[in-house]
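1. Fold the following.
(2 chains)
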Amino acid sequence: MKIIFELFLTFAKIGLFTFGGGYAMIAIIEDECVEKKQWITAEDMMNVTVIAESTPGPIAINCATFVGFKQKGFIGAVFATLGMILPSLIIILVIAAFLDHFLEIGWVANAFAGIKVAVAIIIIDAALKLKKKLKDKDVIFWVIFISSYLIMLLIDIFAWNISSIILMLAAALISLAVFTVSKLIRKGESRK
Amino acid sequence: MIYLELIWGFLKVGFFSFGGGYAAIPLIRDVVLEYGWLTDDMLSNMIAISESTPGPVMLNLATYVGYSQGGFLGALIATLLVVLPSFIIILLVMSLLRKVIEDQYVKAVLKGLQACILGVILATGMFFALRNCIHYEDGISFDVRAIILTAVLSLIYFGAKRIRKNGLSPILLILISAFLGIIAYAI
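-> Next up, the predicted model:
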C-alpha cells in the first residue's frame, strides 16, 4: 500500500516540476527512480527509453507506466501513470477557467499574437531535434520524410479533409513493403 | 454527443502519437478541425500555454481541449483517453511482447512511421508560421508585424543555439515573444 502511494506521489512531483516534457523529464525520472529510490536499474532506464521511442505517447508517461509495473504490477502502473497526469490536469483546469477572460484584455491579446509566432518556431525546432536524434537515415527514410512533409503542407494549406493518420499508415506500409522486398531479393541472391 | 467525440478523438491521438509529445500536436489539430471544436488561433494559444506549464505538452493540450469542449468531465475524458493506448501498449510490451519491438518487420513499420511523423510535425510548424504571416481566407494579405516577429524570434532562437549548447528554452522564447508582441501590436 505504501509503495503505491509513494509511486503516485513521486510521479506527481515529477509531473509538477518538469517543464517542456519529453527528454527534460528523462533526466529527472532517472534521478528519482534510479538514483534515489532505486526502483529500477540504470539498464532498465535505458531499455524503457528505447521502448518509449517505439511506442505512442509521451516518454514521461511511458516511463511512469514502466516503473509502476516493475514495482507493483498493474496497480502500480495505474497509480504511477495517474500521478504523472494529475498535476497537468489541475494546472490546466485552473488556467483554462480564467484564460478566456484574460484574452479580452487588449495587451494580453497582443502578447498572444506574439506567442503564436513563437509556437510555430518551437514546433519546427521540435521536428528538427527529433530528426537529429533518429538513427540510420537511409534513402527510404528521406523519401518518406520529404514526401510526408510536402503532402501534409498541401493538406494544411488547402484545408483538405485528409487525416495525418492516413499518411502514417501509408508510410508504415511502404516502409514494410520495401523492407520485405529487399529482404527477398537478398535471399534470392545468396541462394545463387 | 460531445463526450463520445472526445473519447474517439483522443483515443486516436493517443494511439498514433509515436515519437512522443510533439507528434500529438498535428494529430490533435486534425481531430479539433475535423469536429469543428476550435479555430487554429485558439489552438495555437492552447499550445503556447501547454508548452509553458509543467508536464508533458501532449497531456496539457489534451486536458485543455477537453475542458474547452466538455468542461471538467471533458478534460478528464480527454486526458485519460489520450494516455490509455500508450499505457496498454507499454504493459503489453513489458509482459508479453518484449521481443516484438526487436522484430525486424516491426522495426521497418516503426521506421516508416517515424519518418512520416517527422514530416507531419515539420509541416505543421511551417504551416503555422506561414499562416501567421500570410492571410489568404479572402484575398491574400501579408501581416507585416508577424513577418518581422517571425524573423526576429527565429534569429534569437536559432542564434542562441550557436552560442550556447542548449540554446533558449521554449518557455523563455514564449516570454520574449509575448513581450515583443505587446510592443509590436501596440504600435
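2. roughly how far apart are whichever residue of chain A sits closest to chain B and residue A:123?
-> Proximity to chain B, evaluated over chain A using C-beta to the nearest C-beta, is greatest for residue A:114 at 1.8 Å. Just so you know, the C-beta spots here come from the backbone N, C-alpha and C atoms, and that holds for glycine as well. The gap separating residue A:114 from residue A:123 is 16 Å, by C-beta to C-beta, to the nearest Å.
3. and residue A:135, helix, strand or coil?
-> coil (DSSP: H, G, I helix; E, B strand; the rest coil).
4. what's around it, how many residues?
-> Counted with other C-beta atoms under 10 Å in any protein chain shown, residues neighbouring residue A:135 total 6.
5. Show residues contacting the helix or strand containing residue B:24.
-> Per DSSP states H and E, residue B:24 falls inside helix B:21-34. Outside of helix B:21-34, the residues within contact range by C-beta atoms under 8 Å, 6 or more residues apart in numbering or on different chains are A:21-22, A:56, A:58-59, A:123, A:126-127, A:130, A:152, A:159, A:161, A:163-165, B:9-10, B:12-13, B:16-17, B:37-38, B:40, B:43, B:47, B:56-58, B:61-62, B:65, B:82, B:117, B:120-121, B:123-124.
6. ok now that helix, how far from the chain's centre?
-> 6 Å (C-alpha atoms, centre = their mean, to the nearest Å).
7. For residue A:33, which non-adjacent residue is spatially closest?
-> The shortest distance from residue A:33 to any non-neighbouring residue, by C-beta to C-beta, 6 or more residues apart in numbering or on different chains, is to residue A:39 (4.6 Å).
8. Strands along the chain, start to end?
-> Let's take chain A. With strands called from DSSP state E, chain A shows none.
9. let's do chain B instead
-> Going by DSSP E, chain B shows strands at B:134-135, B:141-142.
10. want to try TSV for those, with distance to residue A:78 as columns?
-> Shown next, in TSV, are the strands of chain B (distance: least, C-beta to C-beta, whole Å):
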stretch	distance to residue A:78
strand B:134-135	47
strand B:141-142	52
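11. Could you dump these into TSV with distance to residue B:51, mean pLDDT and mean neighbour count added?
-> As requested, the strands of chain B are arranged in TSV below (distance: least, C-beta to C-beta, whole Å; pLDDT from 0 to 100; neighbours: other C-beta atoms under 10 Å in any protein chain shown):
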stretch	distance to residue B:51	mean pLDDT	mean neighbour count
strand B:134-135	24	87	14
strand B:141-142	26	89	10
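12. Low-confidence regions, the chain specifically.
-> By default, I'm working from chain A. Counting by pLDDT under 70, chain A contains low-confidence ranges at A:19-24, A:192.
13. hmm, I had chain B in mind actually
-> Where chain B drops to pLDDT under 70, the residues are B:97-98, B:101.
14. Just want the residue of it that's nearest chain A.
-> For chain B, C-beta to the nearest C-beta, closest residue to chain A: residue B:181, 1.8 Å.
15. Quick check: that residue touching residue A:106?
-> No - Residue B:181 is beyond contact range of residue A:106, at 11.6 Å (criterion: C-beta atoms under 8 Å).
16. Domain boundaries for chain A, per the record?
-> A:1-101, A:103-134, A:136-192 (automatic domain parsing).
17. Generate JSON lines for these, with mean neighbour count as supplementary columns.
-> Formatted as JSON lines, these follow (neighbours: other C-beta atoms under 10 Å in any protein chain shown):
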{"stretch": "domain A:1-101", "mean neighbour count": "20"}
{"stretch": "domain A:103-134", "mean neighbour count": "20"}
{"stretch": "domain A:136-192", "mean neighbour count": "15"}
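18. Contact partners for the residue nearest in space to the middle of chain A?
-> With distances taken as C-alpha atoms, centre = their mean, residue A:58 lies nearest the centre of chain A, 3.3 Å away. The contact partners of residue A:58, taken as C-beta under 8 Å, 6+ apart, are A:21, A:22, B:17, B:20, B:21, B:24, B:56, B:57, B:58, B:59, B:86.
19. Scan these and report the most crowded one.
-> Going by other C-beta under 10 Å, residue B:58 tops these with 32 neighbours.
20. so how far is residue A:81 from it?
-> For residue B:58, the distance to residue A:81 - C-beta to C-beta - is 13 Å.
21. I'd like the list of the contacts of residue A:58 that fall within helices, please.
-> B:21, B:24, B:57, B:58, B:59, B:86 (DSSP state H).
22. Stretch B:129-141 and chain A, any residue contact?
-> Yes - applying C-beta under 8 Å from any C-beta of the partner chain, one finds stretch B:129-141 touching chain A at B:129, B:130, B:132.
23. which residues touch stretch A:156-173?
-> Counting by C-beta under 8 Å, 6+ apart, A:144, A:148, A:151-152, A:154-155, B:12, B:16, B:18, B:26-27, B:30, B:33-34, B:109-110, B:112-113, B:115-117, B:119-120, B:123-124, B:127, B:130 sit against stretch A:156-173.
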